[in-house]
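> Test case, fold it:
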Amino acid sequence: MIDGPYFVLTVLGVLGTGLVAGVFCGFSTFVMRGLATLPPAQGVAAMKAINVAAVTPPFMLVFLGSAVLCAVIAVVTFVLWPGEGTVELLLGSALYLFGSFGLTMVANVPRNDALAELEPGTPEADAYWPVYVREWTMWNHVRTVASAGAAVAYVLALT
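Residues are numbered from 1 along each chain as shown. Purely as a prediction, here's the structure:
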């Protein structure tokens, strides 16, 4: 069984990736659905405000902190190569680093940046809004599953 500081790192990994999975799940299951029901100008304005609010220390600490923690867990696992939980630890780290953090950078952030350039109520914003909601939400589903999978993998490493 994993113990000592490595145990603490893994428990923190469970908590961080699980918290991020919860945030993403909330967006996938009700926030984006609610925003999609709004007229495009209101949906665009609301999402732009959410995107600004998301880049604040509380969320970024959890989101980026979990990425750093997953990277540390992966490196420590490669260096120590523990007798138990190695596959689960590496899988959890990969799921979060690539499926959550990495996907955010290559799929969700570019869509957020494109939305930020649009003025709510313009024909361009009205046309982009349904595309944004569909694509952003699809990739968010993947981030949700990857983050939750990382948390599960870390829990399995502890058992």
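> Retrieve the pLDDT associated with the residue in the chain sticking out farthest from the centre.
Relative to the C-alpha centroid of the chain, counting by C-alpha atoms, centre = their mean, P123 is the outermost residue, at 30.4 Å. Looking at P123, its pLDDT reads 98.
> now M1
69.
> pLDDT value on the residue nearest the centre of the chain, please?
By C-alpha atoms, centre = their mean, the chain has its centre lying nearest to S100, at 4.3 Å. pLDDT recorded at S100 is 98.
> Just give the closest residue to L103, not the sequence neighbours.
R143 (5.4 Å; C-beta to C-beta, 6 or more residues apart in numbering). Bear in mind the C-beta positions are built from the backbone N, C-alpha and C, glycine included.
> about what we covered before: what's the spacing between the residue farthest from the centre of the chain and P40?
From P123 across to P40, the span is 10 Å (C-beta to C-beta, to the nearest Å).
> helix or strand for the residue nearest to V142 when sequence neighbours are not counted, which one?
Excluding its sequence neighbours, the residue lying closest to V142 (C-beta to C-beta, 6+ apart) is L103, at 6.0 Å. Element membership for L103 (DSSP states H and E) is helix 103.
> Which other helices and strands does that helix contact?
Secondary-structure packing of helix 103 (3 or more C-beta pairs under 8 Å, 6 or more residues apart in numbering; DSSP states H and E): helix 123-158.
> Name the residues of the helix it packs on that are buried.
Neighbour-count burial for helix 123-158 flags 125-126, 128-129, 132-133, 136-137, 139-140, 142-155, 157-158 (criterion: 16 or more other C-beta atoms under 10 Å).
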